[in-house]
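Undergrad: The sequence and its predicted three-dimensional model are supplied below.
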Amino acid sequence: MMKKQELAIAAAALLASVGIANATTISGSLSVTLQSFDGSLPGIVTAPSTVNSNQKPTGTNTPLGTITGSSSPYSLSFSGLNPGSLTTYNLFQINPNPSSGSCGSGCVVNSGLYGDSYPVDTGTIKVTLTVAGYGSITETGTYEAKYGGVTLPCAAGDSNSKTDTDCILWSNTSLQHLTNGTQTLYVEFVNAVDWDITPMIELGFSSSQFPTPLPAALPLFAGGLGVMGLLGGWRKKRKASAATA
C-alpha cells in the first residue's frame, strides 16, 4: 500500500505536469492547398470567431490565425497559443466559388449518387500543420459543394442544411500527436458541413480530454475472456463431480 509521503510526491508530480501543460504556448504555421477540383475552386479566408448556427458543428472559438494569399496555396501563422488540456480553434472558412456563386464547368452530375441533376464540385483540401519544436502533420480532406437541390449525402445528418450544401470530411479524424521530446501535443481535425463552412481543429496536452473510441477488437477480446472463464468454471465443476462419484 502506498505511503502518505509517496502519495504526496505523486500528487505534486501530477500537479507540476498539469501546470507545465497549462503554461506552455505554441507557435507555428498552417498551409492550405486545393487539389484536383472538378469545377471552380472555392475560396479560403480567415475563419470567423463565431460559426454560423446553420453549420455543424457550431460555436465560438478563437481562429487559429489570419489567412494570407488570394489563391492556393494559402497560409497562416500563429504564436503564443496556449491550448492547455484541450482547446478548439477555427481553422479557416471555405467559400464555394466566391467569384460567381456557381459550380462552373467540369462539375459532376450524378442523380444516382446525389439524388438529382444539380451539379456537384468535388476536390481535395490538403493542410499541413507545423508547430515549432514539435514537427508537422499533413492531413487531407474531401470537399464537396452542391449548388441546389437535394442535400449532399455527407450533410444528410445536419438538420440545418439548406438547398446549397458543402462539406469537408478529413481522411483521419482520430487523435494524432506531435512531440518535442519531453511533451506531447495532441491534434484532432473536425469535419464540417453546411455552407461557407469553417472546419475546426482541437489541440491539447492531455489525451484524456479527447473522446477515445473503444477499439473494435476490445469487445471481442472481452467476450473471449468471458467464454474462457465459463469454460474454466465448467471444467472445475466437472472435476469436482468426478471426484465425488
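TA: Arrived safely. Numbers count the residues shown, from 1 in each chain.
Undergrad: When you work out contacts or count neighbours from here on, use the C-alpha atoms and nothing else.
TA: Fine.
Undergrad: Quick check: buried residues in stretch 104-124?
TA: For stretch 104-124, a neighbour-count test (16 or more other CA atoms under 10 Å) marks 107-109, 114, 118-124 as buried.
Undergrad: so T130 sits right up against S136, yeah?
TA: Yes: between T130 and S136 there is a contact under CA atoms under 8 Å: 4.2 Å.
Undergrad: Identify the residues contacting stretch 57-70?
TA: 44-53, 74-78, 88-92, 192-193 (CA atoms under 8 Å, 6 or more residues apart in numbering).
Undergrad: returning to that earlier point: can you work out which residues contact both of T130 and S136?
TA: Here T130 and S136 have no joint contacts, going by CA under 8 Å, 6+ apart.
Undergrad: center of this structure - which residue?
TA: Of all residues in the chain, the one closest to the mean position by CA atoms, centre = their mean is F189, 2.2 Å from it.
Undergrad: and it, what are its bridge partners?
TA: Beta-bridge pairing for F189 (DSSP bridges): I201.
Undergrad: I'd say it and W170 touch.
TA: Yes: the criterion here is CA under 8 Å, and F189 meets it with W170 at 7.0 Å.
Undergrad: S79 and T68: what is the separation?
TA: According to CA to CA, to the nearest Å, S79 and T68 sit 15 Å apart.
Undergrad: what number of residues lie near the closest residue to Y147 other than its chain neighbours?
TA: Of all residues not flanking Y147 in the chain, D164 sits nearest, at 5.0 Å (CA to CA, 6 or more residues apart in numbering). Applying the criterion other CA atoms under 10 Å, we find 17 residues in the vicinity of D164.
Undergrad: dump the residue contacts of D164.
TA: Per CA under 8 Å, 6+ apart, neighbours of D164: 145-149, 151, 194-195.
Undergrad: Please apply the same query to L76.
TA: L76 makes contact with 29-31, 65-68 under the criterion CA under 8 Å, 6+ apart.
Undergrad: for L175, phi and psi?
TA: The phi/psi pair for L175 (degrees, to the nearest 10) reads phi -70, psi 130.
Undergrad: neighbours around it, how many?
TA: A count of nearby residues for L175, using other CA under 10 Å, gives 16.
Undergrad: Nearest spatial neighbour of it, chain-adjacent residues omitted?
TA: E188 (5.2 Å).
Undergrad: show me what contacts the one you found?
TA: So E188 contacts 173-176, 201-203 (CA under 8 Å, 6+ apart).
Undergrad: what do you get for I94?
TA: For I94, the contact set (CA under 8 Å, 6+ apart) comprises 42-45, 196-198.
Undergrad: measure it to A145 for me?
TA: In terms of CA to CA, I94 sits 10 Å off from A145.
Undergrad: so G149 sits right up against D116, yeah?
TA: Yes: G149 is within contact range of D116, at 6.7 Å (criterion: CA under 8 Å).
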